[in-house]
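> Would you be able to build a 3D model of this:
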Amino acid sequence: MYSYLALVQDDPTVQVVNNAQKAYVEHYIQGDPDLAKLPVLSAAAPFKVGGRKNDPASYVEVEKGQLTFRNAADLYLYPNTLIVVKASGKEVKEWLECSAGQFNQIDPDNTKPQSLINWDGFRTYNFDVIDGVNYQIDVTQPARYDGECQMVNANAERIKNLTFNGKPIDPNAMFLVATNNYRAYGGKFAGTGDSHIAFASPDENRSVLAAWIADESKRAGEIHPAADNNWRLAPIAGDKKLDIRFETSPSDKAAAFIKEKGQYPMNKVATDDIGFAIYQVDLSK
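As a prediction, this is how the structure comes out:
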């Protein structure tokens, strides 16, 4: 289980955190007449994906058969506590729109190299993946929000085909979203802030993750984390062959993983001055 592709496709290192948070909340709200009737979503971001593009070795690397209690600290770096917010379908979409600021805008008419990841203007720990809904991110559109979740283009919409249970999400429907204290109380993302808090758990997110790993290991004997592919980058239509690039680990292990698990056609084209491998990604499909 590796985080080499966590910025360009759904990823097991984020999925396992969302699985743990979602299970915790669903158990916690049992018997609560107000909360138990609301669907539970979970938001988590990749924490080890190259630092601030300054560390080509900073990626999650959990070898097969080694997912244990000790890995929780590697998968979840910060001592945050689990908080649940109540958010509308509209706020869920806006939350994702802010997360989509992780990407630079791609010009579908430009055949010169274009960098996909917005390293300078957006911190990767703000790239929340929300599980429990399905969606696509259209990187040909301008970002709706900047790196601080301040709206910069009210007419822009990168989040496409947002669905819940196979149907377009109801903007007025209410959801519980599992997240952390940093996100929940920060108030930057739509659906967060004091007025949205549904309940605050005393448990750290990584303790929740560690307990889930222990429970799943006891129940199933072995855990096989896999992304459910609830999100992807939207295909870019057009007759031009684009040269879209992203950076990741330069290791042979990363190259083998990308070859096997890449959701889109990808091939290594260079290594940058810092030591990151540069991959070309084909988003035409």
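
> Can you give the contact residues for the helix or strand hosting Lys22?
If you go by DSSP states H and E, Lys22 is part of helix 12-28. Helix 12-28 is touched from outside by 1-3, 6, 40-46, 48, 60, 62, 67, 75-76, 82, 84, 129, 131-132, 176, 178-179, 199, 201, 203, 205, 208-209, 211-213, 223, 225-228, with contacts defined as C-beta atoms under 8 Å, 6 or more residues apart in numbering. Every residue, glycine included, has its C-beta placed from N, CA and C.

> which among those end up buried?
Taking 16 or more other C-beta atoms under 10 Å as the criterion, what is buried in the contacts of helix 12-28 is 1-3, 6, 40-46, 48, 60, 62, 67, 75-76, 82, 84, 129, 131-132, 176, 178-179, 201, 205, 208-209, 211-213, 223, 225, 227.

> list the buried ones in stretch 264-277?
So for stretch 264-277, counting by 16+ other C-beta under 10 Å, buried means Tyr264, Met266, Phe276, Ala277.

> give me the low-pLDDT residue ranges for the protein?
In the predicted model, the chain carries pLDDT under 70 at residues 65-69.

> Let me see the ranges of the strands in it.
40-44, 81-88, 113-115, 129-131, 134-137, 159-164, 167-168, 174-180, 197-204, 231-233, 243-248, 266-271, 277-281 (DSSP state E).

> Alpha carbons of the second one, in CSV - could you do that?
What follows is strand 81-88, C-alpha atoms only, in CSV (Å, rounded to 0.1, in the frame of the first residue of the first chain):
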residue,chain,number,x,y,z
THR,A,81,-9.1,14.1,17.0
LEU,A,82,-12.1,12.8,15.1
ILE,A,83,-14.9,15.3,14.7
VAL,A,84,-18.1,15.0,12.9
VAL,A,85,-19.8,17.9,11.1
LYS,A,86,-23.3,18.1,9.7
ALA,A,87,-23.2,19.4,6.1
SER,A,88,-25.7,19.7,3.3
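
> and that strand, how far out from the chain's middle?
Centroid separation for strand 81-88 versus its chain: 16 Å, with C-alpha atoms, centre = their mean, to the nearest Å.

> relative to strand 174-180, how tilted is it?
160 degrees (axes from the mean of the first three to the mean of the last three C-alpha atoms, to 10 degrees).

> which helices and strands does strand 81-88 pack with?
Contacts defined by 3 or more C-beta pairs under 8 Å, 6 or more residues apart in numbering; DSSP states H and E place strand 81-88 against helix 12-28, strand 174-180, helix 181-186, strand 197-204, helix 205-220.

> Contacts for the fourth one next, please.
The reference is to strand 197-204. Defining contact as C-beta under 8 Å, 6+ apart, one finds that strand 197-204 is touched by 24, 28, 35, 79-86, 176, 181, 184-185, 208.

> Closest to Ile236 out of those?
Val85 (33.0 Å; C-beta to C-beta).

> dump the residue contacts of the closest one.
Applying C-beta under 8 Å, 6+ apart to Val85 gives the contacts Leu176, Val177, Thr179, Ala184, Gly191, Thr192, His196, Ile197, Ala198.

> give me every residue that touches the nearest residue to the fifth one once chain neighbours are set aside.
So that's Gly191. Distances taken as C-beta to C-beta, 6 or more residues apart in numbering put Ala87 closest to Gly191, at 3.0 Å, once the chain neighbours are dropped. Residues in contact with Ala87, defined by C-beta under 8 Å, 6+ apart, are Trp95, Met174, Phe175, Val177, Ala190, Gly191, Thr192, His196.
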